[in-house]
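**Q** predicted coordinates and the sequence they were generated for:
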Amino acid sequence: MPPRSSSPRALAVAVWLWVLLPFAYGSYELIRKATQLFTG
Amino acid sequence: MTFLDRSRTVAPPGWSRWLVPPAALAVHLSIGQAYAWSVFKPPLETSLGLSGTASALPFQLGIVMLGLSAAFGGTLVERNGPRWAMFVSLVCFSSGFLISALGAATHQFWLIVLGYGFVGGIGLGIGYISPVSTLMKWFPDRPGMATGIAIMGFGGGALIASPWSSQMLASFGGDKPDGDSGIALTFLVMGLAYAVFMSLGVLLVRVPPPDWKPDGWQPDPTRTRALITTADVSARNALRTPQFWCLWVVLCLNVTAGIGILEKAAPMIKDYFADTPAPVSVSAAAGFVALLSLANMTGRILWASTSDLIGRKSMYRIYLGVGALTYLALAHFGNDSKPLFIICALVILSFYGGGFATIPAYLKDLFGTYQVGAIHGRLLTAWSTAGVLGPLIVNRVADAQEQAGHSGPSLYTTSMYVMIGLLLVGFVANELVRPVNPRFHEPRPTAPEGNTAHAAPQQ
């Protein structure tokens, strides 16, 4: 029988959001700047 | 200090290994800020009356300290565990900003050099290697992907810090001629925010129990016969093997080739197409540099994950062999077509990022997980060397060509052939990599490593 999970799904979602939200902000800003190559 | 001890970080039964990459990312996304230092250069030059060379000092010292602390602190990181290492990194990196805030507020530039460069640089080195061996112990089935995620985070750190610190400098008045208090406030907020953000890593990181394996996973015996060892080599012994030095050359030359493009990206694309019907504007060149950053970051996760499927040696054959061919295409046909130029540069930069992200898994294959973090730390001296070598080659050659009356693409042709030569030397060094002689292997441990938890955590 597999061991009972001691790391709830909510914790996993929260910690991934903790790192992915700032990363998404940085990526958005980067892509916005990168599009200048085709428009600038 | 018991909370930081390795024995207190052993995962309880049922702990998900997918909680470890966010812990690593919390550290790497923070310390990756180092590559956004250039945002602070113009405001510091204006408010403290510094030259461009002087304002680069905190960053340069930071990178030197990164290499030194990773090389000399690696054994301590292995001994004390990832939580201790992440905590040290948090304290040093945040304190670096707080000391810099004091320096900006009191007009003492030496405090910024000491804070950001020396103290913060120790945080960079210890933080960079802190999650490496832990991730590979949790993901023995996909070590390339696991370390690729963390090392991609280091690339991503600058993406976050660059727009964020620019916005703060503008909001606090740090970009004004007398903006020293605005710069100080920006440093202060960054120091505190990074302390909070990195604390997730300190709290969350766990090491697996000894001999833990993912459910149903067994090392592939066919690959074990090739380069992937099940034995362990200490950091001290690794330095005595030819394999370590072959990989040192491989990393150094792969990074040198990438920096060759990265260093001159904006002027290079403008020079290449200056005499064409479609010259490249300043803002388009800035967009090109941003696109290269994206390729560098994407290559870290993409190629490191691919190396789990095709093997590390084959992956470096691609980085170095295809990299050399791509440079050749750039040298010969780059100015014929803008899309071709852009694609070649993106491929080279993705290989540059991939080379960084794949090396920890290559080390793990050859030397085992025992002290792979410490071995990785020592190998990062190759990065420091390449950081000097790459810009030196490209700038020297471009300056010499300019003095000889050349312009446009011919400014860069010679340095591209130099890069091709370096990549071919790296290719040969990679071909020379063989399994480590068993006389360097550690004796098999007879007792578990200072912990009591044995139940298999959840995948």
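**A** Thanks, I have it.
**Q** how deep is residue 8 tucked in, by neighbour count?
**A** As the question left the chain open, I've gone with chain A. Using other CB atoms under 10 Å in any protein chain shown, residue A:8 has 10 neighbouring residues. (C-beta placed from N, C-alpha, C; glycine too.)
**Q** switch to chain B, that's the one I care about
**A** 15.
**Q** thought it was touching residue B:2?
**A** Yes: using CB atoms under 8 Å, residue B:8 is in contact with residue B:2, at 5.9 Å.
**Q** skipping adjacent residues, who's closest to residue B:378 in space?
**A** With sequence-adjacent residues excluded and distances taken as CB to CB, 6 or more residues apart in numbering or on different chains, residue B:378 is closest to residue B:71, at 4.9 Å.
**Q** low pLDDT regions in chain B?
**A** B:1, B:220-226, B:445-459 (pLDDT under 70).
**Q** nope, chain A is what I was after
**A** Short version for chain A, where the test is pLDDT under 70: A:1-7, A:40.
**Q** redo that, cut-off 50
**A** Judged by pLDDT under 50, chain A has its weakly predicted residues at A:1-2.
**Q** where do the helices of chain A begin and end?
**A** Here chain A has its helices, by DSSP state H, at A:9-34, A:36-39.
**Q** please read the previous query as pertaining to the stretch 251-400 of chain B.
**A** Listed in chain order, the helices found in the stretch 251-400 of chain B under DSSP state H, counting those that start in this stretch are B:282-310, B:312-317, B:323-333, B:338-367, B:372-379, B:381-403.
**Q** okay, these, which one's buried deepest?
**A** helix B:372-379 (a mean of 28; mean count of other CB atoms under 10 Å in any protein chain shown).
**Q** hmm, back to that, rebuild the helices of chain A as CSV, extending it with distance to chain B and mean neighbour count.
**A** As requested, the helices of chain A are exported to CSV (distance: least, CB to the nearest CB, whole Å; neighbours: other CB atoms under 10 Å in any protein chain shown):
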stretch, distance to chain B, mean neighbour count
helix A:9-34, 3, 16
helix A:36-39, 3, 15
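**Q** is it true that residue B:37 touches residue B:62?
**A** Yes: between residue B:37 and residue B:62 there is a contact under CB under 8 Å: 7.5 Å.
**Q** what touches both of those two?
**A** residue B:116 (CB atoms under 8 Å, 6 or more residues apart in numbering or on different chains).
**Q** which of the two has more neighbours?
**A** Using other CB under 10 Å as the criterion, residue B:37 and residue B:62 rank with residue B:62 on top: 26 against 22.
**Q** now that one. Its backbone dihedrals?
**A** phi -60, psi -40 (degrees, to the nearest 10).
**Q** near chain A, which residues of the stretch 251-400 of chain B show up?
**A** B:281-288, B:290-291, B:293-294, B:342 (CB under 8 Å from any CB of the partner chain).
**Q** turn those residues into TSV, columns for distance to residue B:383.
**A** TSV is the format used below for these (distance: CB to CB, whole Å):
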residue	distance to residue B:383
B:281	33
B:282	30
B:283	31
B:284	30
B:285	26
B:286	26
B:287	27
B:288	24
B:290	23
B:291	23
B:293	17
B:294	21
B:342	26
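**Q** burial check on residue B:319, number of neighbours?
**A** Per other CB under 10 Å, the neighbour tally for residue B:319 reads 29.
**Q** OK, contacts around the residue of the stretch 301-450 of chain B found nearest chain A?
**A** Of the residues in the stretch 301-450 of chain B, the one nearest chain A is residue B:342, at a distance of 7.5 Å by CB to the nearest CB. Contact analysis of residue B:342 by CB under 8 Å, 6+ apart lists A:37, B:269, B:288, B:291.
**Q** ok, now with 7 Å
**A** Shown in contact with residue B:342 (CB atoms under 7 Å, 6 or more residues apart in numbering or on different chains): residue B:288.
**Q** what strand or helix carries the residue nearest to residue B:56 when sequence neighbours are not counted?
**A** In space, and not counting its chain neighbours, residue B:56 is closest to residue B:41: 6.8 Å by CB to CB, 6+ apart. Using DSSP states H and E, residue B:41 falls within helix B:41-48.
**Q** same for that helix, what does it pack against?
**A** helix B:52-55, helix B:180-204 (3 or more CB pairs under 7 Å, 6 or more residues apart in numbering or on different chains; DSSP states H and E).
**Q** swap the cut-off to 10 Å and go again
**A** In terms of contacts (3 or more CB pairs under 10 Å, 6 or more residues apart in numbering or on different chains; DSSP states H and E), helix B:41-48 is packed against helix B:52-55, helix B:57-80, helix B:82-105, helix B:109-112, helix B:143-172, helix B:180-204.
**Q** quick one: the third one to helix B:372-379, angle?
**A** Spelled out, it's helix B:82-105. 40 degrees (axes from the mean of the first three to the mean of the last three CA atoms, to 10 degrees).
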